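Peer 1: Have a look at this fold, sequence not included:
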């Protein structure tokens, strides 16, 4: 009895994370634009804290670039103690964006928004680090160590101080400035995608919340498996439910990991409404797993893994 209860509890816990690994059903959104809202989702789509986190990431990336460049430079201007700052900064710049992505997925129903901000922060920080290094007199040692050359044709300002000709003027390193400009441009392009993605996430969240709160809810079920030959981390799946007019059948796009493809008969909740301010037709539909039932997943995962990019969702 205890073993059975433990297994049921474990299966129930697996059911409530459908917004992470699937199955997620959609009739209007596809691919990375699908909004995944957990059942207890509260409308909280602020973005300023992720912007602050992106700025912290940029500072860490810039600090790491400057510190590591100082270490590999032949001039060694600050000694090896700089490792105490450069290595933690590099780790933070590499890890924080992933945390932002997962937290953003829980907040917006899409991980790409916060992930884009994190990536923009990394690119901007790398660009700032390159720009700072371009203005320092020992950057030639970095370029020489990277095989980019600095010898006789290098600008005086890019040479270590002890090798600069007397009376020469310091000049910014053009190679590093070029890198800095390219990275800053890339950061701007990535950041420019965030406002549009945030607006789309807000529209998707508002639609789902409206249907959960005001739509008619019907019991539905999966009526067939998706076609494995057309599976690409998602696939079309037929859904049926019964309303006041009788049995209804609709096609939805299933997004799921290869081991989370629901079997026919899996119980669903189908929320049906109409677009705000629109006539009764066409109707809006939102579909999600019935939290009161434990789903059964297709055990033949290999046929979906063979077709999925990267082997899963």
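Peer 2: Structure received. Keep in mind that this is a model prediction, so the values were computed, not measured.
Peer 1: Beyond the helix or strand where residue 69 lies, next helix or strand please.
Peer 2: Counting by DSSP states H and E, the element that carries residue 69 is helix 48-72. Scanning forward in sequence from helix 48-72 by DSSP H and E, the next helix or strand is helix 83-108.
Peer 1: what angle separates that next one from helix 48-72?
Peer 2: Note on geometry: by axes from the mean of the first three to the mean of the last three C-alpha atoms, to 10 degrees, helix 83-108 and helix 48-72 are set 160 degrees apart in direction.
Peer 1: So which elements touch helix 83-108?
Peer 2: Contacts defined by 3 or more C-beta pairs under 8 Å, 6 or more residues apart in numbering; DSSP states H and E place helix 83-108 against helix 48-72, helix 112-134, helix 174-214. C-beta here means a position set from N, CA and C on the backbone, and glycine is covered the same way.
Peer 1: between those helices, which gets nearest to residue 92?
Peer 2: Closest to residue 92 of the helices and strands packed on helix 83-108 is helix 48-72 (C-beta to C-beta; 4.3 Å).
Peer 1: Counting by contacts, list what the closest one packs against.
Peer 2: Checking 3+ C-beta pairs under 8 Å, 6+ apart, helix 48-72 ends up next to helix 83-108, helix 112-134, helix 139-145.
Peer 1: Among those helices, pick out the one with the most neighbours on average.
Peer 2: helix 112-134 (a mean of 24; mean count of other C-beta atoms under 10 Å).
Peer 1: Could you list every helix and strand in contact with it?
Peer 2: Packed next to helix 112-134, using 3+ C-beta pairs under 8 Å, 6+ apart, are helix 48-72, helix 83-108, helix 174-214.
Peer 1: For this protein, give me the ranges with low pLDDT.
Peer 2: 1-21, 31-32, 40-45, 72-81, 137-172, 274-282, 306-313 (pLDDT under 70).
Peer 1: if we can go back for a sec, check which residues of the helix holding residue 69 are buried.
Peer 2: By neighbour count on 16 or more other C-beta atoms under 10 Å, the buried set for helix 48-72 is 50-51, 53-54, 57-71.
Peer 1: what's the angle between it and helix 174-214?
Peer 2: Going by the same axes, to 10 degrees, helix 48-72 makes 160 degrees with helix 174-214.
Peer 1: what residues does the helix or strand where residue 239 lies touch?
Peer 2: Per DSSP H and E: residue 239 is located in strand 234-243. Defining contact as C-beta atoms under 8 Å, 6 or more residues apart in numbering, one finds that strand 234-243 is touched by 25, 30-31, 216, 218-227, 230, 247-256, 268, 270, 272, 287, 313.
Peer 1: buried subset of those residues?
Peer 2: The neighbour count (16+ other C-beta under 10 Å) marks 25, 218, 220-222, 225-226, 248, 250, 252-256, 268, 270, 272, 287, 313 as buried among the contacts of strand 234-243.
Peer 1: tally of neighbours for the closest residue to residue 260 other than its chain neighbours?
Peer 2: Spatially, and ignoring its direct neighbours in sequence, residue 260 is nearest to residue 22 (4.5 Å; C-beta to C-beta, 6 or more residues apart in numbering). Residues contacting residue 22 under the criterion other C-beta atoms under 10 Å number 25.
Peer 1: Quick check: residue 22 vs residue 102, distance?
Peer 2: 16 Å (C-beta to C-beta, to the nearest Å).
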